[in-house]
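A.B. asks: what follows is a predicted structure for the sequence shown.
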Amino acid sequence: MTISAPETARPMAVEAARAHSIVARGLVKRFGAMTALGGVDFEVPTGTVTAILGPNGAGKTTAVRILTTLSDADEGSASVAGFDVRTHAREVRRRIGLTAQDATVDPLLTGRENLVMLGQLHQLDRSEARRRAEDLLADFALADAADRLAGTYSGGMRRRLDLAATLVGRPSVLFLDEPTTGLDPRARSELWAVLDTLVNRGTTVLLTTQYLDEAERLANDIIVIDHGRVIARGDARRLKSELGGDQVHVVVVDPADLDAVERTVRGVVGGHVSVDRGARSVVAPTMDGLPALLRVASALSEAGVGVEDLGLRQPSLDEVFLTLTGSPAEDTPRDGGKEAS
Ligand SMILES: Nc1ncnc2c1ncn2[C@@H]1O[C@H](COP(=O)(O)OP(=O)(O)OP(=O)(O)O)[C@@H](O)[C@H]1O
Ligand SMILES: [Mg+2]
């Protein structure tokens, strides 16, 4: 294979790739009157994992499609592995893997056949392609199902096969568009474990997700987007502290106790305590974590309140959006006019 990048462009490209495997600058994408991306900037340091967190319609897939050369931005520029996605799309494609939001493997081939076929597409000879397939089937806990048609796999197995398929060509930069949406909790944590292995091998990963816990579990850095704009970024700890940290969450047995519990929690934790009568729950944000929880537990125990559930939890994505934007997460597209700058 020939390298088509001009020789003069290479040293700079290589330097850039060493620091940041993905760089997006002022990406704008419009669909008619709808602005899907309204000027998005970010970069992903080489060998790290970044999550793009946002609700339906935020622009996550649009960004991934531009970065993986499947779509052109209307404005702005981006580079992946040191190459401009527009001018050096072929170079970019040789270095990336994409697990798209919709399954990409062929349901009428077995797991093994899918991987061998992709290996051959990646120019491996047949025995190399077979070996690669065996390794990936083992890594992704699919060896037992290797000879079943992919169409008969469970959602979790299919997602793992998708991911294995993405890795056949040994990409140095990996894009995962909502890798666990629709999976049950067990399948999610199995997929997370597989992703851990990948990340430990030094692959640079950009993943999109609608789940704050997933972003926190997998990513070094989180970029929160809404309506095509970056509205917050940082590591999970920083984002959560901006959002008010953890929450002490109490569910009482008897709704008649709610007011007393609210007073107790306010006395111990302070801050904005909210009561949900339907859910029989009292929730209070805290920066204090476990010590705050223990104080609430002992105060409730002293008061003799019947508690059904008590714990620390993270704000949900909806609460994150309430805090960041003052409005709940929603999937209704807006036109780009509202944030003209
Ligand atoms: N080809 C298209 N034509 C018209 N509008 C589009 C097209 N692709 C995306 N959009 C719109 O752009 C916005 C962003 O879509 P995008 O698919 O990037 O969102 P997303 O964050 O990936 O959402 P989801 O979580 O549902 O996958 C949405 O309002 C969507 O309807
Ligand atoms: Mg999407």
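C.D. replies: Happy to help now that I have it. Ligands and ions are numbered 1, 2, ... in the order given.
A.B. asks: average pLDDT across the helix or strand hosting residue 295?
C.D. replies: Under the criterion of DSSP states H and E, residue 295 resides in helix 290-303. Averaged across helix 290-303, pLDDT comes to 94.
A.B. asks: immediately after that helix, which helix or strand?
C.D. replies: Toward the C-terminus from helix 290-303 - assigned by DSSP H and E - lies strand 307-313.
A.B. asks: and that following strand with helix 290-303, angle?
C.D. replies: Here strand 307-313 runs at an angle of 170 degrees relative to helix 290-303 (axes from the mean of the first three to the mean of the last three Cα atoms, to 10 degrees).
A.B. asks: so which bits of strand 307-313 are buried?
C.D. replies: 310, 312 (16 or more other Cβ atoms under 10 Å). Every C-beta, even on glycine, is put in place using the N, C-alpha and C of the backbone.
A.B. asks: show me what that strand is packed up against.
C.D. replies: strand 246-252, helix 290-303 (3 or more Cβ pairs under 8 Å, 6 or more residues apart in numbering; DSSP states H and E).
A.B. asks: show me where this protein has its helices.
C.D. replies: 10-19, 60-67, 89-95, 111-121, 126-139, 155-167, 185-200, 212-218, 236-242, 258-269, 290-303, 317-325 (DSSP state H).
A.B. asks: just want the angle from the fourth one to helix 126-139.
C.D. replies: Here helix 111-121 runs at 130 degrees with respect to helix 126-139, directions being taken by the same axes, to 10 degrees.
A.B. asks: thinking again about what came up before, out of the helices of the chain, which gets nearest to ligand 1?
C.D. replies: helix 60-67 (3.2 Å; Cβ to the nearest ligand atom).
A.B. asks: any chance of the helices of the chain in JSON lines, with mean neighbour count and distance to ligand 2 too?
C.D. replies: Converted to JSON lines, those look like this (neighbours: other Cβ atoms under 10 Å; distance: least, Cβ to the ion, whole Å):
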{"stretch": "helix 10-19", "mean neighbour count": "14", "distance to ligand 2": "26"}
{"stretch": "helix 60-67", "mean neighbour count": "24", "distance to ligand 2": "3"}
{"stretch": "helix 89-95", "mean neighbour count": "18", "distance to ligand 2": "20"}
{"stretch": "helix 111-121", "mean neighbour count": "21", "distance to ligand 2": "23"}
{"stretch": "helix 126-139", "mean neighbour count": "16", "distance to ligand 2": "25"}
{"stretch": "helix 155-167", "mean neighbour count": "23", "distance to ligand 2": "15"}
{"stretch": "helix 185-200", "mean neighbour count": "15", "distance to ligand 2": "17"}
{"stretch": "helix 212-218", "mean neighbour count": "21", "distance to ligand 2": "14"}
{"stretch": "helix 236-242", "mean neighbour count": "16", "distance to ligand 2": "21"}
{"stretch": "helix 258-269", "mean neighbour count": "18", "distance to ligand 2": "37"}
{"stretch": "helix 290-303", "mean neighbour count": "15", "distance to ligand 2": "36"}
{"stretch": "helix 317-325", "mean neighbour count": "18", "distance to ligand 2": "14"}
